[in-house]
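Participant: Need coordinates for the below:
(4 chains)
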Protein chains: 2
Amino acid sequence: MANDTTTEQKILEAAEDVFHEKGYDGARMQEIAEQAGINKGLLHYYFKTKDKLFEAIFSAALNRMISRILSILELEIPLDQKIDLIVDQYMGMLMKNPALPRFVLNELNKNPDQFIAKHFKKDIKDAFANFSASVKKEADNGTIKQIDGHMLFMNMISMIIFPFIGRPLIQVVLGSDNAEFKQIMLERKEHIKKFIKDAIRV
Amino acid sequence: MANDTTTEQKILEAAEDVFHEKGYDGARMQEIAEQAGINKGLLHYYFKTKDKLFEAIFSAALNRMISRILSILELEIPLDQKIDLIVDQYMGMLMKNPALPRFVLNELNKNPDQFIAKHFKKDIKDAFANFSASVKKEADNGTIKQIDGHMLFMNMISMIIFPFIGRPLIQVVLGSDNAEFKQIMLERKEHIKKFIKDAIRV
DNA sequence: GTCTATATCATGATAGAC
DNA sequence: GTCTATCATGATATAGAC
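Facilitator: Residues are numbered from 1 along each chain as shown, chains lettered A, B, ... in the order given. Sure, this is the predicted structure:
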């Protein structure tokens, strides 16, 4: 037939939609089955329990949320390039996955341990130590202000991610619809890069 | 007896804890009753349905999240003072209510209409028009750079709120426990104020 | 007002036919 | 592999005694 995606793929896509949108507690196996065009029985045939299905979706989401930023953080390039890369790539990713950060951070908050098991912990700390080191180096060279690397990173990541989580509020403030929101996020890429550089320039 | 709080107050406090922590979907009437030291029957005697109880908690939370910032935005004071006030007061409020933004933004996302009914919409748009106007005025006077008022506000509010929502991630990065997190947020107040002023200074 | 017991319903999960 | 029918559980909500 025209649609050659396997049933498992259809389930995973439907589950991603529903879990990302409603979270674990709000998601219904019934709705996932409907959206995948199958019935509950078959859903349980592929993924024995809601927990197992969720686990598949969550770990993919956590990975998408973290892996790319880690690989950028570890690059041996000048700080300003690193900032540009992070802003461009991360915002690009979020524009394609606008529900991702809310989903991941919510579920992570309910169960912070999901991390430790996921071997990410060490990678994360290493990557950030690297980032902080390059901030310190540039500051000592006098090419930027003295600034705490962790704070700088928190500022950057906050400005990038928050609008997607605070979207309902922001759309009221800006009086914007979904199309306008996307356009604003596009402009925001350039804005953030400039804002950060203005803040750290000596 | 020693505890003279009324039953209704005990319920509201317990419901606030549970709803803020677990959201509407994850909250259980049973748990709220236990935490209030009563039983489910009595809970339904005071608040007929889960929805009604939730509504009471949510509208109080939305109000706490928005009202103070609105009143600051409308003050007729110089921009830099306005920034200081917002950062200080809003971060102070969040340190006392760390679960608030996640709760409000999540529930708002599930049901964006809760806003329109809440008469806030107009107040919000007015307050931000005011803020944007004062940004523009200072920029035209040459006391700060030319910068879009909405973007500036988004930056500020992002840097303030995001750490509380992204806390599980941030604590991994910083390797910090709860006490340390609080200390870092305290330092962050000063950091954000300086960061913003550095970014907009001409 | 407060409690216990129960009705009602929704949901995750299983059994079994095809 | 896929479906229908059913079970078992747990949650909201109500009834009624005290």
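
Participant: Tell me the pLDDT of residue A:135.
Facilitator: Reported pLDDT at residue A:135 in the predicted model: 96.

Participant: How about residue A:3?
Facilitator: 58.

Participant: can you list the domains in chain A?
Facilitator: Following automatic domain parsing, one gets these domains for chain A: A:1-48, A:61-200.

Participant: helix or strand for the residue most central in space within chain A, which one?
Facilitator: For chain A, residue A:65 is the residue whose C-alpha lies nearest the centre (CA atoms, centre = their mean; 3.6 Å). In the assignment (DSSP states H and E), residue A:65 maps to helix A:50-73.

Participant: and that helix with DNA strand C, contact?
Facilitator: Yes - Helix A:50-73 lies within reach of DNA strand C by CB under 7 Å from any atom of the strand, at A:50, A:51. C-beta: built from backbone N, CA, C; applies to glycine.

Participant: counting contacts, what elements does that helix pack onto?
Facilitator: If you count contacts as 3 or more CB pairs under 8 Å, 6 or more residues apart in numbering or on different chains; DSSP states H and E, helix A:50-73 packs onto helix A:7-26, helix A:79-96, helix A:100-110, helix A:120-141.

Participant: CSV for these, including distance to DNA strand C and mean neighbour count?
Facilitator: Putting those into CSV (distance: least, CB to the nearest atom of the strand, whole Å; neighbours: other CB atoms under 10 Å in any protein chain shown) gives the following:
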stretch, distance to DNA strand C, mean neighbour count
helix A:7-26, 9, 18
helix A:79-96, 27, 17
helix A:100-110, 15, 21
helix A:120-141, 26, 16
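
Participant: For DNA strand D, which of those helices is the nearest?
Facilitator: Of all the helices and strands packed on helix A:50-73, it is helix A:7-26 that lies closest to DNA strand D, at 3.7 Å by CB to the nearest atom of the strand.

Participant: what does the helix or strand bottoming out on mean pLDDT in chain A rub up against?
Facilitator: Lowest on mean pLDDT, DSSP states H and E among the helices and strands of chain A sits helix A:113-116, with a mean of 75. Helix A:113-116 is touched from outside by A:58, A:62, A:107, A:108, A:121, B:168, B:172, with contacts defined as CB atoms under 8 Å, 6 or more residues apart in numbering or on different chains.

Participant: hang on, the third one packs against residue A:23?
Facilitator: Pointing back at residue A:107 there. Yes - using CB atoms under 8 Å, residue A:107 is in contact with residue A:23, at 6.8 Å.

Participant: Out of the helices and strands packed on helix A:50-73, the one nearest residue B:54 is which?
Facilitator: Residue B:54 sits nearest to helix A:7-26 of all the helices and strands packed on helix A:50-73, at 13.5 Å, using CB to CB.

Participant: Any residue of the closest one touching DNA strand D?
Facilitator: Yes - counting by CB under 7 Å from any atom of the strand, DNA strand D has neighbours in helix A:7-26: residue A:7.

Participant: Quick check: next helix or strand after that helix?
Facilitator: For helix A:7-26, the following helix or strand on the C-terminal side (DSSP H and E) is helix A:29-36.

Participant: one step back: and the helices and strands packed on helix A:50-73, which one averages the lowest pLDDT?
Facilitator: Ranked on mean pLDDT, the bottom entry among the helices and strands packed on helix A:50-73 is helix A:120-141, at a mean of 90.

Participant: Please identify the buried residues of the helix or strand following it?
Facilitator: The helix or strand immediately downstream of helix A:120-141 is helix A:149-165, counting by DSSP H and E. Residues A:149-165 are the ones in helix A:149-165 that count as buried (16 or more other CB atoms under 10 Å in any protein chain shown).

Participant: who's in contact with the residue nearest to the centre of chain A?
Facilitator: The contact partners of residue A:65, taken as CB under 8 Å, 6+ apart, are A:100, A:101, A:104.

Participant: For residue A:65, see how far away the first one is.
Facilitator: When CB to CB, to the nearest Å is the yardstick, residue A:100 and residue A:65 sit 6 Å from each other.

Participant: still on that earlier bit, so which of the domains of chain A is nearest residue B:53?
Facilitator: Across the domains of chain A, closest to residue B:53 is domain A:1-48 (CB to CB), at 16.9 Å.

Participant: so, in contact with chain B or not, that closest one?
Facilitator: Yes - using CB under 8 Å from any CB of the partner chain, a contact is recorded between domain A:1-48 and chain B, made by A:22, A:23, A:25, A:26.

Participant: how far is that domain from where the chain is centred?
Facilitator: Offset of domain A:1-48 from its chain centre (CA atoms, centre = their mean, to the nearest Å): 22 Å.

Participant: what do you get for stretch A:136-152?
Facilitator: Offset of stretch A:136-152 from its chain centre (CA atoms, centre = their mean): 26 Å.

Participant: Stretch A:137-155 too?
Facilitator: A distance of 24 Å separates the centroid of the chain from that of stretch A:137-155, by CA atoms, centre = their mean.

Participant: Taking chain A, what residue is nearest to DNA strand D?
Facilitator: Per CB to the nearest atom of the strand, residue A:41 is where chain A lies closest to DNA strand D, at 2.5 Å.

Participant: Determine the number of other residues adjacent to that residue.
Facilitator: 8 (other CB atoms under 10 Å in any protein chain shown).

Participant: residues making contact with the host helix or strand of it?
Facilitator: Assessed by DSSP H and E, residue A:41 sits inside helix A:40-46. Residues outside helix A:40-46 that contact it (CB under 8 Å, 6+ apart) are A:7, A:8, A:11, A:29, A:30, A:32, A:33, A:36, A:53.

Participant: For chain A, what lies in contact range of DNA strand D?
Facilitator: Contact residues (CB under 7 Å from any atom of the strand) of chain A with DNA strand D: A:7, A:38, A:39, A:40, A:41, A:42, A:45.

Participant: again, 10 Å this time
Facilitator: Applying CB under 10 Å from any atom of the strand, one finds that chain A approaches DNA strand D through A:6-8, A:10-11, A:33, A:36-46.

Participant: Give the buried subset of those residues as a ChimeraX selection command.
Facilitator: Buried residues among those (16+ other CB under 10 Å), as a ChimeraX selection:
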select /A:10,11,33,36,38,43,46
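
Participant: quick one: the residue of chain A closest to DNA strand D from chain B, how far?
Facilitator: Residue A:41 sits at a distance of 24 Å from chain B (criterion: CB to the nearest CB, to the nearest Å).
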